[in-house]
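**Student:** need a 3D model of the following:
(one chain, ligands or ions: 2)
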Amino acid sequence: MTDRENLLAEILKKAVVHGKVVLSSGMEADFYLDLRRITLDGVAAPLVGRVMLDLTADLDYDAVGGLTLGADPVAGAMLHAAAARGRTLDAFVVRKAQKSHGMQRRIEGPDIEGRRVLVVEDTSTTGGSPLTAVAAAREAGAHVVAVATIVERGAAGKMAEEGIEYLSAFTLQDLGLNA
Ligand SMILES: O=P(O)(O)OC[C@H]1O[C@H](OP(=O)(O)OP(=O)(O)O)[C@H](O)[C@@H]1O
Ligand SMILES: O=C(O)c1cc(=O)[nH]c(=O)[nH]1
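**Tutor:** Ligands and ions are numbered 1, 2, ... in the order given. The predicted structure is shown next:
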């Protein structure tokens, strides 16, 4: 089986939770994708790194990150998968609010000013989270080449509207779930 096939099997086995839930946007849904159970899983996380690198192989970027918390382990997995392939890829974390002490930074990690960066997510419903990260990265002087998410569950239209290239490893159809 390929990494992508193995990752899909892991998501189906470990992350799909049926039942009424309130989402980040306040919308209600009949299922939840708890992708932290994937991105922080010892078997699945290495697959996330490789699958997301493969997904974005045609893009030119040298740093990856997104809005904490969902994006953080995705970026970390990609950094390590890249290192295993002999490629240097930095990661960054966009805070939900600027830190008020210490270095008082909104974006943590190596400086992204003037660099080509990829914004990532674990799953995207409205796209509000990655768009917040895109805005913060641009404000920090980075060039955002695209947004990439593990599972797309509704944000594609918004990304197209914003003129942002948007890639996903899986759609709800791949998971056998209806939108
Ligand atoms: O496309 P959106 O409408 O933005 O929804 C998806 C977001 O929701 C979840 O995070 P959540 O907001 O629950 O925050 P957390 O990462 O801090 O747990 C998920 O990790 C995405 O970041
Ligand atoms: O939209 C969300 O908040 C959301 C949906 C989902 O399936 N998983 C998740 O972590 N967040």
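
**Student:** could you find the closest non-adjacent residue to the residue nearest the centre of the chain?
**Tutor:** Computing the C-alpha centroid of the chain and ranking residues by CA atoms, centre = their mean puts Glu121 first, at 1.8 Å. Once flanking residues are discounted, Glu121 sits nearest to Thr149: 4.1 Å by CB to CB, 6 or more residues apart in numbering. In short, each C-beta sits where N, CA and C put it, glycine included.

**Student:** so what's that neighbour bridging to?
**Tutor:** Going by DSSP bridges, Thr149 is paired in beta bridges with Glu121, Ser168.

**Student:** and it, how many neighbours does it have?
**Tutor:** Counted with other CB atoms under 10 Å, the neighbours of Thr149 add up to 31.

**Student:** doesn't Ser124 make contact with it?
**Tutor:** Yes. The pair Thr149 and Ser124 qualifies as a contact (CB atoms under 8 Å) at a distance of 4.4 Å.

**Student:** what do the two both touch?
**Tutor:** Among the neighbours of Thr149, those also in contact with Ser124 (CB atoms under 8 Å, 6 or more residues apart in numbering) are Pro130, Ala155, Ser168.

**Student:** next secondary structure element downstream of the regular element (helix or strand) spanning Leu79?
**Tutor:** Leu79 belongs to helix 71-84 when assigned by DSSP states H and E. Per DSSP H and E, the first helix or strand lying C-terminal to helix 71-84 is strand 90-94.

**Student:** go through that next one and flag the buried ones.
**Tutor:** For strand 90-94, burial by neighbour count (16 or more other CB atoms under 10 Å) applies to Asp90, Ala91, Phe92, Val93, Val94.

**Student:** just checking, next helix/strand downstream of that strand?
**Tutor:** Using DSSP H and E, the helix or strand that directly follows strand 90-94 along the chain is strand 107-108.

**Student:** so what's whichever residue of the chain sits closest to ligand 1 closest to, chain neighbours aside?
**Tutor:** Relative to ligand 1, the nearest point of the chain is Gly70 (2.4 Å; CB to the nearest ligand atom). Excluding its sequence neighbours, the residue lying closest to Gly70 (CB to CB, 6+ apart) is Asp122, at 4.2 Å.

**Student:** pLDDT at the residue nearest to Glu121, what is it?
**Tutor:** Looking at Thr149, its pLDDT stands at 98.

**Student:** ditto for Ala179
**Tutor:** With respect to pLDDT, Ala179 scores 57.

**Student:** which parts of the chain are strands?
**Tutor:** With DSSP state E, the ranges of strands along the chain come out as 16-22, 28-33, 63-67, 90-94, 107-108, 116-124, 143-152, 166-171.

**Student:** quick one: Tyr32 and Val17 touch, right?
**Tutor:** Yes. Contact criterion CB under 8 Å: Tyr32 and Val17 qualify, at 4.5 Å.
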